[in-house]
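Undergrad: Just the structure for this:
(chains A and B)
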Amino acid sequence: KTQVEQSPQSLVVRQGENCVLQCNYSVTPDNHLRWFKQDTGKGLVSLTVLVDQKDKTSNGRYSATLDKDAKHSTLHITATLLDDTATYICVVGDRGSALGRLHFGAGTQLIVIP
Amino acid sequence: DMKVTQMPRYLIKRMGENVLLECGQDMSHETMYWYRQDPGLGLQLIYISYDVDSNSEGDIPKGYRVSRKKREHFSLILDSAKTNQTSVYFCASSVPGQGNTEVFFGKGTRLTVV
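TA: Residues are numbered from 1 along each chain as shown, chains lettered A, B, ... in the order given. Predicted structure coming up:
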């Protein structure tokens, strides 16, 4: 059973627009949540990690929120660029160490058009 | 420059052939992973290695085995490849014992079994 659900499955936005990606999960315990960017044919690159019960992070044009009570996270991308075209993957870690397991969502495919 | 390197990047094998996927990391990370990524699914853990000769099965180990004789190298072996093992395989590494430890991914190996 899928424990990390991402929506939308795919999204097309025009360059300069903002977008919001959603992640709902049922993983327990939920130690942390990380968002990755995966360019086509490439590996996953970490964008941000959220840890606290209600957490917010910001990394340039990327900002993220986490609500552990709701088991929900969002990734906001502001003023999108063509290079933002990629798959964004939500990953929930059930422990804070490598002994834990990472639970991966299937990703949201973002396409930024001119 | 922290790096996880996978070789080869692309591979085509016939059903029944043996397959060797190699992974190296230059960060002296103790923990290494092999995942596979299939369309519409999140990454699935095949094997995890906590250090040299300390390997554990992940969620989908059937049909695979691994070898870790040096901390820097982690190999994935398919004895008698099957067509349903066609996938993109990712190697990753991390530092154990730290909260929210970051995971570094290679660029992946695209394996096609015909």
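Undergrad: what's the span of stretch B:105-114, first residue to last?
TA: 27 Å (CA to CA, to the nearest Å).
Undergrad: Next, the buried residues of that stretch.
TA: The neighbour-count criterion (16 or more other CB atoms under 10 Å in any protein chain shown) identifies B:105-111, B:113 as the buried residues of stretch B:105-114. C-beta coordinates here come from the backbone N, C-alpha and C atoms, glycine included.
Undergrad: Please pull out the lowest mean pLDDT helix or strand from chain B.
TA: Lowest mean confidence among the helices and strands of chain B (mean pLDDT, DSSP states H and E): strand B:103-105, at a mean of 91.
Undergrad: mean confidence for the following helix or strand past that one?
TA: Of the helices and strands lying after strand B:103-105 in sequence (DSSP states H and E), the nearest is strand B:109-113. Averaging pLDDT along strand B:109-113 gives 97.
Undergrad: Convert strand B:109-113 to PDB, retaining C-alpha atoms only.
TA: Below are the C-alpha coordinates for strand B:109-113, written out as PDB (Å, rounded to 0.1, in the frame of the first residue of the first chain):
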ATOM      1  CA  THR B 109      21.600   3.000 -14.200                       C
ATOM      2  CA  ARG B 110      18.900   2.300 -16.800                       C
ATOM      3  CA  LEU B 111      18.800  -1.500 -17.300                       C
ATOM      4  CA  THR B 112      16.800  -3.100 -20.000                       C
ATOM      5  CA  VAL B 113      16.400  -6.900 -20.000                       C
END
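Undergrad: Sheet partners, orientation included, of that strand?
TA: strand B:10-13 (parallel), strand B:87-94 (antiparallel) (DSSP bridges).
Undergrad: Can you tell me what sits against that strand?
TA: Under the criterion CB atoms under 8 Å, 6 or more residues apart in numbering or on different chains, residues B:6-15, B:19, B:21, B:81-90 lie in contact with strand B:109-113.
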